[in-house]
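Chemist: All I have is the shape, not the residue letters:
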C-alpha cells in the first residue's frame, strides 16, 4: 500500500474560524512527567510532576497543536528549576505560534529533617507548584506555591481548660510571585517557624514530649498564623506579590478554620 503524502493530510487546527472569539487558555491538563528539581543543598531531586500547559488562541484560528506540548516535555532533558522555567515557556509559546502562554507543574518535594531532641532524621514531603506565564507584550512572571503542614494549638482552649488544650494539623499555603531566586526550603522554614510547632516524619518519645510542650507554649489562632507569615513575606524583597492561607483541620469540630491574606506590592508601590 502506497504511503499517504504528508501534504495530502489536512491540518484542521490551522483552518480559519469565523466566530470571532479568542480563547484565553487552550492546551493539555494533568499530564505526568518525570523531572529533576534543584534543591538548596546543591543536589537535585528526581520526582514526578503533574503538568498543565496552555497558550492563548487568537479568534481567527480553529485550534492549537496539542501534540507540540507533549514534544516540549519529551524534548532534550531539562533540569527543572526556577531558572529553566522561562526558556521552557518561551520555547512553548514560539513553537505553538502564540503570544501568551502558561505552564504549571505540581510535584512532591522532600526535605530531610532532624527530630528536635533525639536528632533522628526523616524525610518530610511538601506539595510544590511552579507556575509561569507570558502575558501580552512578552512579559514573564513566575509564581511558587508551597503547602506547608504544621501544628496549631488553640489559644482559647488553652485559656479556658484546666487540663491541656486542643490542637490540630494545619495546612499553610504560600503563593509568591518572585522577582529573584528563592529556595523552596526558605519558604518552608519561614512558615514552620511561625507555627505552634512544626511537623516531623519521625519522632522518638523525647521528641514527642518536646513538640507537645512546644505547641502548648506557642498557641496560635488561624488569624495569628496568616498575619505572622504575611509580615515576613511582606518584608522579603524577592517577593513581589503573595497570598498566605491557613486551614486548620479542627479536632473538636466537623469543619475547618480558615484565613487568607493577599498582597500585591507592585500595585501598592
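Modeler: Received the coordinates, thanks. None of these values were measured; they are calculated from a predicted model.
Chemist: ok, what's across the strand from the residue nearest to residue 234 when sequence neighbours are not counted?
Modeler: Leaving aside its chain neighbours, residue 234 sits nearest to residue 263 (6.5 Å; criterion: C-beta to C-beta, 6 or more residues apart in numbering). From N, CA and C alone the C-beta is placed, and that goes for glycine too. Beta-bridge partners for residue 263, by DSSP bridges, are residue 242.
Chemist: For the stretch 51-200 of the chain, give me the ranges with low pLDDT.
Modeler: 59-64, 76-79 (pLDDT under 70).
Chemist: Quick check: which element contains residue 127?
Modeler: strand 121-135 (DSSP states H and E).
Chemist: Check the offset of that strand from the chain's centre.
Modeler: 4 Å (C-alpha atoms, centre = their mean, to the nearest Å).
Chemist: Show me what that strand is packed up against.
Modeler: helix 82-95, strand 101-114, strand 139-153, helix 184-192 (3 or more C-beta pairs under 8 Å, 6 or more residues apart in numbering; DSSP states H and E).
Chemist: How far does the first one sit from its chain's centre?
Modeler: In terms of C-alpha atoms, centre = their mean, the centre of helix 82-95 is found 18 Å from the chain centre.
Chemist: just the second one next, same as before
Modeler: In terms of C-alpha atoms, centre = their mean, the gap separating the centre of strand 101-114 from the centre of its chain is 7 Å.
Chemist: Let me know the angle separating it from strand 121-135.
Modeler: On the basis of axes from the mean of the first three to the mean of the last three C-alpha atoms, to 10 degrees, strand 101-114 is oriented at 160 degrees to strand 121-135.
Chemist: again with the first one
Modeler: Taking the same axes, to 10 degrees, one finds helix 82-95 and strand 121-135 inclined to each other by 40 degrees.
Chemist: Before we move on, what's the pLDDT of residue 6?
Modeler: Residue 6 is assigned 54 on the pLDDT scale.
Chemist: again with the one 10 residues further on
Modeler: pLDDT for residue 16: 60.
Chemist: for the one 3 residues further on, same thing?
Modeler: The per-residue pLDDT reported for residue 19 equals 65.
Chemist: quick one on the thing from earlier: how about CSV for the helices and strands packed on strand 121-135, with distance to residue 128 and mean neighbour count added?
Modeler: CSV is the format used below for the helices and strands packed on strand 121-135 (distance: least, C-beta to C-beta, whole Å; neighbours: other C-beta atoms under 10 Å):
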stretch, distance to residue 128, mean neighbour count
helix 82-95, 11, 16
strand 101-114, 5, 18
strand 139-153, 5, 20
helix 184-192, 6, 20
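Chemist: Now these in CSV, please, with extra columns for distance to residue 235.
Modeler: Formatted as CSV, the helices and strands packed on strand 121-135 follow (distance: least, C-beta to C-beta, whole Å):
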stretch, distance to residue 235
helix 82-95, 21
strand 101-114, 23
strand 139-153, 17
helix 184-192, 10
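Chemist: between these, which gets nearest to residue 51?
Modeler: Smallest distance to residue 51 across the helices and strands packed on strand 121-135 (C-beta to C-beta): 4.9 Å, for strand 101-114.
Chemist: what separates the residue nearest to residue 234 from residue 177, distance-wise?
Modeler: Look at residue 263 and residue 177: by C-beta to C-beta, to the nearest Å, they are 10 Å apart.
Chemist: residues bridging contact with the two, i.e. touching both?
Modeler: Shared contacts of residue 263 and residue 177 (C-beta atoms under 8 Å, 6 or more residues apart in numbering): 241-242.
Chemist: got the contact list for residue 130?
Modeler: Contact analysis of residue 130 by C-beta under 8 Å, 6+ apart lists 80, 82, 85, 103-105, 142-144.
Chemist: Closest one to residue 126 out of those, please.
Modeler: Here the nearest of the contacts of residue 130 to residue 126, counting by C-beta to C-beta, is residue 144; it sits at 11.4 Å.
Chemist: sorry, back to before: which one of the helices and strands packed on strand 121-135 lies closest to residue 228?
Modeler: Comparing these by their distance to residue 228 (C-beta to C-beta), the top pick is helix 184-192, with 9.3 Å.
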